[in-house]
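**Q** Sequence and predicted model, in that order:
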Amino acid sequence: MRYIGTKTLLIDNIQSVIEKNIPYASSFLDIFSGTATVARNFKNKYQTYSNDQLYFSFVLQKATIENDSIPSFEGLKSLNINDPFSYLDNFPLENYSFTKENSFIWKNYSPHEDCDRMYFSIENAKRIDFIRNEIEKWYINDLILENEYYYLLAGLIEAVPYISNISGTFGAYLKHWDKRALKPLEMVRLPVTTNNKLNICFNKDANQLIREIEGDILYIDPPYNTRQYLPNYHLLETIAKYDYPEIYGVTGLRPYKDVKSKYCNKKDVITEFSDLIENAKFKYIVVSYSNEGIMDEKVIVDILNTYCDSDTVKVYKIPYRRYKGKLSSKEHNLHELIFFAKKESS
C-alpha cells in the first residue's frame, strides 16, 4: 500500500542500526505502526508489539502481527465456502440485495444521480460494500474467528487503493477515471510470518500506551510534518469501521477530531515527544525522522540526551529520495534521520 512516510525503502538501514548497537533483545514495539511494514519485518526475530491510533492500521496489524499463520476458515465450510477470498471476489452482485444500510460506500463515494464523488467505479463500490458486510455477517454469526475476521478485513483494506481513483492518497479523487480504477477489485492475500511468539497489537494513543507497556526495543516513527494522516486515508478508516459516519465536504471526509495527532502540531510536538521518551520503559530506543520534520535534529538529540544515556546517543543520516524519477536539486539534502539511544534505568 502507498502510505505517507512508509519505511519500506529504509528497512535495511533500520535493521543495520539495530544490529550495530543492540547485542541482544527479545521484544520489539513499533508504536506508530502505519501499514505495519517495520513490525512485519522484525517479527521474524522478536516478540513483536505494534500500535497505531487509526483503526485501519490496527486491522492490518491484527492480520499480520497477531496472526502467526494464515487462518483456515473452517467455519465457512458449513456454507460450502472453501476459499473466502475467491467467494468474495466473484460472488455475482446482481444476486445481492443492496439496501440503505449495506451500501454506504456505493451511495457516498461512487458517481450516481445523488453523488458526484469519483473515488470508485459503481461496480467496485458495490463490491466493497458487499465484502465488508459479508465479513461482518460471518463474524456476528460465529462463522469466522476474530483472527480470521481481521485477516479478511485486512485483505479488503489492502485491495482498495489498487482500484481507487486517486493520485496517491484519499485526500482527493481524480476528475477523470484512471484506468486502474476501472479494474475489478481483488482481495489481497497477505503473507503472515510465523515466529511462535505471543505478538500483540494496540489501537491507542502512543503516549497513553507507553505508560502501559515495557520491553527491549522501542521503535518510534512519528508523523514529521503538519499533515494529519486521517484526512488522507479517511476512506480506509470508514471501510474498516463501517460505522456510517456523518461525512462532509467535497471528499466525504469523516470527523477526525479524536484522532488528531499532536505530533503534527508545532506547538505540541516537542512536549509530546519528550513525554514519550521520558516514560518509555524500554532498554533501547530507535527513532526515524526526516531532516525536513517540524522537530529539528538538535531538539531530538537534546531530548534523548536528557532521558537516555547520553554517551550512547547516535544519529545516522540516510540519503533519501522522495519520489522516483529525476532528483531535484532541493532533494539532494533530503535525509532520513535514524536516532539510537540506550535508555537509562529508571
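**A** That came through fine.

**Q** Buried by neighbour count: which residues of the longest strand belonging to the chain qualify?
**A** The residue-count maximum for a strand in the chain (DSSP state E) belongs to strand 281-290. By 16 or more other Cβ atoms under 10 Å, the buried positions in strand 281-290 come out as Phe282, Lys283, Tyr284, Ile285, Val286, Val287, Ser288, Tyr289, Ser290. To be clear about C-beta, it is placed using only N, CA and C from the backbone, and glycine gets the same treatment.

**Q** can you list the residues you listed in a markdown table and add distance to Gly34 and pLDDT?
**A** Converted to a markdown table, these look like this (distance: Cβ to Cβ, whole Å; pLDDT from 0 to 100):
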| residue | distance to Gly34 | pLDDT |
| --- | --- | --- |
| Phe282 | 19 | 98 |
| Lys283 | 24 | 98 |
| Tyr284 | 21 | 99 |
| Ile285 | 18 | 99 |
| Val286 | 15 | 99 |
| Val287 | 15 | 98 |
| Ser288 | 11 | 97 |
| Tyr289 | 14 | 96 |
| Ser290 | 14 | 93 |
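
**Q** Just flag the most distant two among the residues you listed.
**A** Lys283 and Ser290 (25.7 Å; Cβ to Cβ).

**Q** For the longest helix seen in the chain, which helices and strands make contact with it?
**A** Taking DSSP state H as the assignment, the helix of the chain that covers the most residues is helix 122-140. Under the contact definition 3 or more Cβ pairs under 8 Å, 6 or more residues apart in numbering; DSSP states H and E, helix 122-140 sits against helix 84-90, helix 104-109, helix 146-159.

**Q** Repeat the analysis, applying 7 Å as the threshold.
**A** Under the contact criterion of 3 or more Cβ pairs under 7 Å, 6 or more residues apart in numbering; DSSP states H and E, helix 122-140 touches helix 104-109, helix 146-159.

**Q** Which parts of this protein belong to which domain?
**A** 1-69+193-223+262-346, 70-191+231-260 (automatic domain parsing).

**Q** right, and out of the buried residues of strand 281-290, which lies closest to Ser164?
**A** Ser164 lies nearest to Ser290 out of these, by Cβ to Cβ, at 25.7 Å.

**Q** The closest one against Asn333, yeah?
**A** No. Between Ser290 and Asn333 there is no contact under Cβ atoms under 7 Å: 11.1 Å.

**Q** residues making contact with the longest helix of the chain?
**A** By Cβ atoms under 7 Å, 6 or more residues apart in numbering, the surrounding residues in contact with helix 122-140 are 76, 88, 91, 93, 96, 98, 102-106, 109-110, 112, 120, 144, 149, 152-153, 156, 160, 163, 184-185, 239, 242.

**Q** Going through the residues you listed, which ones are buried?
**A** Taking 16+ other Cβ under 10 Å as the criterion, what is buried in the contacts of helix 122-140 is 76, 88, 102-106, 109-110, 120, 144, 149, 152-153, 156, 160, 163, 185, 239, 242.

**Q** hmm, back to that, ok, of the domains of the chain, where does mean pLDDT dip lowest?
**A** Mean pLDDT is lowest for domain 1-69+193-223+262-346 among the domains of the chain, at a mean of 91.

**Q** Now do that domain: distance to the chain's middle.
**A** Domain 1-69+193-223+262-346 sits 13 Å away from the centroid of its parent chain (Cα atoms, centre = their mean, to the nearest Å).
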